[in-house]
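Asker: Fold the following.
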Amino acid sequence: MKTITIGIDLAKSVFQVHGVDAAGLITVRKKLRRAEVLTFFASLEPCLVGMEACATAHFWARELSRLGHEVRLMPPSYVKAYLRRQKNDAADAEAICEAVMRPSMRFVPVKSAERQGVLVLHRTRELLVRQRTMLINAIRGHCAEFGMIAPQGARRSAELIGQVQAADAAVLPDLARSALLRLADQLDALAIEIHALERQLMAWHRQDEASQRLATIPGVGIITATALAASVTDPSLFRSGREFAAFLGLVPRQNSSGGKDRLGRISKMGDGYLRKLLVVGATSVIRRAGDNASATGAWVRSLMERKPSRVVTVAMANKTARIAWAVLSRREDYRAPAMI
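Answerer: Numbers count the residues shown, from 1 in each chain. Below is the predicted model of the structure:
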């Protein structure tokens, strides 16, 4: 029997494979060590291979595609519906094999190594920014114990460090000063590393057309543009801008039944990092809405009159996501809507 569809459950060391033929009969069900995966698939005729879009999935998708197989990645939450009873590697591989054949299944585009590298830059920068926040909070907390306070904001932390350096020994003991100055040195080192990562992102932005188009959208800066361009490699997988906004979790969560629509807070599904960037960018647009003479500014001001500011911010983020999808799909720069 010829295997035409295979589901593979990815892991660190031991992989589970489940294959069926055209009639749906099982042709292969076995475990593979990591070193055996490519050898096994190289011995097969080209077939459809399904796997969950989890860690290492894009790497294996690129490797199996080079062997001539058609590889499709699926969100793990969509595959879960096809899992029967107990969860184990064999059952997971069978569920993946079943799910990849469904005509209504949604698939995740395979990212190139270059775009994954850009996302690694983003994740690394995000980690360093969190560490910087932790250091600033630690410095503020320790200094407050000795009566040294500075205004809020990461940029005002330099004032606090200046107070530490100039404080008298009677106010700040030498032991505390030496510890705080060590934290300040780490803070300076993190600032240098974050700036270096941002320069790399800027260099990639200048050579990527999609990222440059996205940066023309109000509220979308270099960080958001590069993240969107690296994450959304094929906008045609989304039928509309609303579907893309729903993918990012920027639409209300539904609990509707019996013809009655019950809408709650936003679903917060999908990529939380992209959603956060869009909301932060939307916040900057909202703050400048008073001086914005465009149709978008008028729309924001009308919403602000009857809705809370955070609700308007999320609505603006939803609108930005739809615009981003249109810019990526049409391969055009953003054009501000004219006032009616």
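Asker: buried set for the helix or strand containing Leu128?
Answerer: Assigned by DSSP states H and E, Leu128 falls within helix 113-144. By 16 or more other Cβ atoms under 10 Å, the buried positions in helix 113-144 come out as 115, 118-119, 121-122, 125-126, 128, 132, 135-136, 139-140, 142-143. All C-beta spots, glycine's among them, are computed from the backbone N, C-alpha and C.
Asker: Now find how far off-centre it is within its chain.
Answerer: 16 Å (Cα atoms, centre = their mean, to the nearest Å).
Asker: Check stretch 222-230 too.
Answerer: 10 Å.
Asker: Not counting its own residues, what contacts it?
Answerer: 111, 115-116, 118-119, 122, 125, 198, 201-202, 204-205, 208, 210-212, 214-215, 220, 273-274, 277-278, 281, 324, 328 (Cβ atoms under 8 Å, 6 or more residues apart in numbering).
Asker: filter the residues you listed to the buried ones?
Answerer: Buried among the contacts of stretch 222-230 (16+ other Cβ under 10 Å): 111, 115, 118-119, 122, 125, 201, 204-205, 208, 210-212, 214-215, 220, 273-274, 277-278, 281, 324, 328.
Asker: just checking, which of those residues belong to strands?
Answerer: Using DSSP state E, no member of the buried ones among the contacts of stretch 222-230 falls in strands.
Asker: Next, count neighbours for Trp299.
Answerer: Burial of Trp299 is recorded as 17 neighbouring residues (other Cβ atoms under 10 Å).
Asker: Quick one: residues contacting it.
Answerer: Counting by Cβ under 8 Å, 6+ apart, Trp299 has no contacts.
Asker: low-confidence ranges in this protein?
Answerer: Residue ranges of the chain with pLDDT under 70: 1, 338-340.
Asker: the domain parsing of it - what is it?
Answerer: 5-99, 113-207, 210-330 (automatic domain parsing).
Asker: Distance to Pro337 for those domains - can I get that in CSV?
Answerer: Below are the domains of the chain laid out as CSV (distance: least, Cβ to Cβ, whole Å):
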stretch, distance to Pro337
domain 5-99, 33
domain 113-207, 25
domain 210-330, 4
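Asker: And the ones you listed: which comes nearest Arg106?
Answerer: With Cβ to Cβ as the measure, domain 5-99 is the member of the domains of the chain nearest Arg106 (6.1 Å).
Asker: so where do the strands sit in the stretch 51-200 of the chain?
Answerer: 70-74 (DSSP state E, counting those that start in this stretch).
Asker: what residues are up against Trp325?
Answerer: Contacts of Trp325 (Cβ under 8 Å, 6+ apart): 232, 235, 238, 240-241, 244-245.
Asker: Go through those and name the one nearest Glu63.
Answerer: Using Cβ to Cβ, the contacts of Trp325 come closest to Glu63 at Val232, 22.8 Å.
Asker: I'd like to know the beta-bridge partner residues of Arg33.
Answerer: Under DSSP bridges, the beta-bridge partners of Arg33 are Val14.
Asker: Would you check how far apart it and Leu67 are?
Answerer: Separation of Arg33 from Leu67 (Cβ to Cβ, to the nearest Å): 18 Å.
Asker: So between these two, which is more surrounded?
Answerer: Neighbour count, other Cβ under 10 Å: between Arg33 and Leu67, Leu67 has more, with 14 against 11.
Asker: Ala95: how many residues sit nearby?
Answerer: 22.
Asker: So which residues of the stretch 151-300 of the chain form helices?
Answerer: Using DSSP state H, counting those that start in this stretch, the helices found in the stretch 151-300 of the chain span residues 157-166, 174-207, 209-214, 222-231, 241-247, 272-287, 295-304.
Asker: Out of those helices, indicate the one that is most buried.
Answerer: helix 222-231 (a mean of 23; mean count of other Cβ atoms under 10 Å).
Asker: tell me the angle it makes with helix 113-144.
Answerer: 140 degrees (axes from the mean of the first three to the mean of the last three Cα atoms, to 10 degrees).
Asker: Now find how far off-centre helix 222-231 is within its chain.
Answerer: On Cα atoms, centre = their mean, the centre of helix 222-231 falls 10 Å from that of its chain.
Asker: Please put the alpha-carbon coordinates of it into CSV.
Answerer: What follows is helix 222-231, C-alpha atoms only, in CSV (Å, rounded to 0.1, in the frame of the first residue of the first chain):
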residue,chain,number,x,y,z
ILE,A,222,10.1,49.8,12.8
ILE,A,223,9.7,47.2,15.6
THR,A,224,6.0,46.5,14.7
ALA,A,225,6.7,46.5,10.9
THR,A,226,9.6,44.1,11.1
ALA,A,227,7.7,41.8,13.4
LEU,A,228,4.6,41.7,11.1
ALA,A,229,6.7,41.3,8.0
ALA,A,230,8.6,38.3,9.5
SER,A,231,5.5,36.7,11.0
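Asker: Appreciated, that's everything.
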